[in-house]
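Student: Need the 3D shape of this:
(one chain, ligands or ions: 1)
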Amino acid sequence: MLKLENFDIKLNTDFIGRNFIYFEEIDSTNTYLLDKSNGIDISGTVVLAEFQNKGRGRLDRTWTSDTGQNLTFSILFVKNQTLFQNLNFLNFAAALAVASSIDNLYQLKTELKWPNDILISRKKTCGILVETITSKGIIERVVVGIGINVNQNYFKGEYNYPPTSIRIELGKEVERERLLAEVLNNFEHYINKLKSDKHQIINDWKMKCKMIGEKISIRQKDKVKFGIFDDIDENGFLLLKTKTGIEKITAGDLTIQ
Ligand code: BTN
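Tutor: Take a look at the predicted model:
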């Protein structure tokens, strides 16, 4: 069980996590916050669950996580056009917040994988799922869902990308409350940066992505594209160098070749 007082004392934000909702079990924290009928309308609200029985990942995958071992939570944003017009930057801000928290607290070397996975030793330790609700073409709510493998020691079953956890990489258990507060503190810092200097976010993200220049493939619904990871453009899209030139990739699953 998460010790909320240990989290609260380390939280140093103005709005993120100030409204905090805790579940022992839920279908998915993203699904909960996306559903307007739950009556949650405060920007920065964090919903955390010890277990999700229908946790969701990108590209319609499921996200599985052992009860009480990890961090599975979502953050709601409403009425914030600056953020809504910069969803790629919000994605990157979340990834940077998680990566810098893990680096600083545990002196581990994280690496970012486009679009928004956090790796340690080239294995996945965190995934991020940003989803929106629109009405008449206008974004009404944005939910940033974050799943961090923290203390899980063993991963069974099939994974799209090899998983790891902070505990496996560090060799000891870590305090989830402290990590959660650090991630939220850093996330608010990066969101403020997004408003003042959003291109710095792309630069920071690129500094932590060690795959630029490597041979990669991008799997999209029914096709796979091969090429060299050339760069990230000013909007956060991946530039793939192929035989025919540079192609802008807006979505897909990256694999190193
Ligand atoms: C991915 O890498 O595919 C994204 C995984 C996102 C998982 C988190 S866990 C909290 C939130 N609730 C969900 O159902 N998914 C996100």
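Student: ok, the closest residue to Leu59 other than its chain neighbours - contacts?
Tutor: Excluding the flanking residues, the one nearest Leu59 by C-beta to C-beta, 6 or more residues apart in numbering is Asp253, at 6.6 Å. All C-beta spots, glycine's among them, are computed from the backbone N, C-alpha and C. Contact analysis of Asp253 by C-beta atoms under 8 Å, 6 or more residues apart in numbering lists Arg58, Leu59, Asn160, Ile218, Arg219, Gln220.
Student: State the distance from the second one to the ligand.
Tutor: This means Leu59. Distance from Leu59 to the ligand, counting by C-beta to the nearest ligand atom, to the nearest Å: 7 Å.
Student: part of a helix, is that residue?
Tutor: Yes: Leu59 sits within a helix when classified using DSSP: H, G, I helix; E, B strand; the rest coil.
Student: so how far is Ile202 from it?
Tutor: Going from Leu59 to Ile202 by C-beta to C-beta, to the nearest Å gives 23 Å.
Student: before we move on, back to that, please indicate which of the contacts of Asp253 are buried?
Tutor: Arg58, Ile218 (16 or more other C-beta atoms under 10 Å).
Student: Between the contacts of Asp253, which sits nearest the ligand?
Tutor: Arg58 (3.6 Å; C-beta to the nearest ligand atom).
Student: burial measure for the nearest residue to the closest one once chain neighbours are set aside, as a count.
Tutor: The shortest distance from Arg58 to any non-neighbouring residue, by C-beta to C-beta, 6+ apart, is to Leu129 (5.7 Å). Residue neighbour count, defined by other C-beta atoms under 10 Å, stands at 23 for Leu129.
Student: Hmm, Leu129 is touching Asn30, no?
Tutor: Yes: with contact defined as C-beta atoms under 8 Å, Leu129 counts as touching Asn30 (6.0 Å).
Student: Common neighbours of those two, please.
Tutor: By C-beta under 8 Å, 6+ apart, Leu129 and Asn30 have these common neighbours: Arg56, Gly145.
Student: ok, what's across the strand from the nearest residue to Gln257 once chain neighbours are set aside?
Tutor: Setting aside the residues directly before and after it, Gln257 is nearest to Lys215 in space (C-beta to C-beta, 6+ apart), at 4.1 Å. Going by DSSP bridges, Lys215 is paired in beta bridges with Ile228.
Student: For Lys215, give me its contacts.
Tutor: Phe226, Gly227, Ile228, Phe229, Ile256, Gln257.
Student: residue ranges of the helices in the stretch 151-257 of the chain, please?
Tutor: 166-170, 176-196, 198-207 (DSSP state H, counting those that start in this stretch).
Student: Is it possible to get a markdown table of those that adds mean neighbour count, distance to the ligand and mean pLDDT?
Tutor: Output for the helices of the stretch 151-257 of the chain, formatted as a markdown table (neighbours: other C-beta atoms under 10 Å; distance: least, C-beta to the nearest ligand atom, whole Å; pLDDT from 0 to 100):
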| stretch | mean neighbour count | distance to the ligand | mean pLDDT |
| --- | --- | --- | --- |
| helix 166-170 | 19 | 15 | 98 |
| helix 176-196 | 20 | 12 | 96 |
| helix 198-207 | 16 | 16 | 94 |
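Student: got the residues of the stretch 101-250 of the chain near the ligand?
Tutor: Within the stretch 101-250 of the chain, the positions lying close to the ligand (C-beta under 6 Å from any ligand atom) are Asp117, Gly127, Ile128, Leu129, Gly145, Ile146, Gly147.
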